[in-house]
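A.B. asks: please work out how this folds:
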Amino acid sequence: MKTARISLNGLQAFATAARHLSFTRAAEELCVTQAAVSHLIKTLETQVGRPLFHRTARGLQLTDDGARLAPAVQQAVAQLWRARRCCARTGPVIGRPGRGRRDARRWTRAARSSTRRC
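C.D. replies: Residues are numbered from 1 along each chain as shown. Below you'll find the predicted structure:
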C-alpha cells in the first residue's frame, strides 16, 4: 500500500487556520493569500480523505476529525519551528571543499529569509 505524502505547508496552514478558525487570518499570519491557504487545506483534506473544516457563511468550524487532528498537528508544527531555531543558532557546517562561495550565498539567503516577517 502506497502512502501519500502530506505537505508540511499544508499542515502548517491547517494548524494556523484551526487556531484562528479563519483562512483569511491564517493567510495573514503565514504571509500568503487566502486562496493559497484554501488550496492547501483542500489538498490536505483530499490526502487524509476527510473534511477537516465545515465552511459556513459565518466562517469555519472544525469537523470532528479536524478537532482530533488539530492538537497533534499544532504540536508537530511547533516542534519543527523549535528545531529550526536550534539549527539556526548552531550555524552552518564549515569546511566542505569546493563549495565555499555557493554555500556562503545559500547561508546568507537563509539568514536574510529567517529575519523577515513576510
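A.B. asks: for the chain, just list every one of the strands.
C.D. replies: Ranges of strands within the chain are 53-56, 59-62, based on DSSP state E.
A.B. asks: packing partners for the first one?
C.D. replies: Okay, so that is strand 53-56. strand 59-62 (3 or more Cβ pairs under 8 Å, 6 or more residues apart in numbering; DSSP states H and E). From N, CA and C alone the C-beta is placed, and that goes for glycine too.
A.B. asks: likewise for the last one?
C.D. replies: Using 3+ Cβ pairs under 8 Å, 6+ apart as the contact criterion, the elements in contact with strand 59-62 are strand 53-56.
A.B. asks: now stretch 75-83 - C-alpha only, CSV.
C.D. replies: Extracted in CSV, the C-alpha atoms of stretch 75-83 (Å, rounded to 0.1, in the frame of the first residue of the first chain):
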residue,chain,number,x,y,z
GLN,A,75,2.3,20.4,18.4
ALA,A,76,4.2,18.9,15.5
VAL,A,77,4.5,22.3,13.7
ALA,A,78,5.6,24.0,16.9
GLN,A,79,8.3,21.3,17.4
LEU,A,80,9.5,21.8,13.8
TRP,A,81,9.9,25.5,14.4
ARG,A,82,11.8,24.9,17.7
ALA,A,83,14.1,22.5,15.8
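A.B. asks: 29 is where my numbering starts, stick with that
C.D. replies: Will do, 29 is the new start, and the previous item becomes stretch 103-111.
A.B. asks: max-length helix in this structure?
C.D. replies: Longest helix in the chain, counting residues (DSSP state H): helix 92-118.
A.B. asks: and that helix, what does it pack onto?
C.D. replies: Applying 3+ Cβ pairs under 8 Å, 6+ apart, one finds that helix 92-118 contacts helix 36-48.
A.B. asks: give me the contact list for the helix it packs on.
C.D. replies: With contact meaning Cβ atoms under 8 Å, 6 or more residues apart in numbering, helix 36-48 is reached by 51, 54, 57-58, 60, 64-65, 68-69, 71-72, 75, 80-81, 88, 90, 94, 97-98, 101-102, 104-105, 108.
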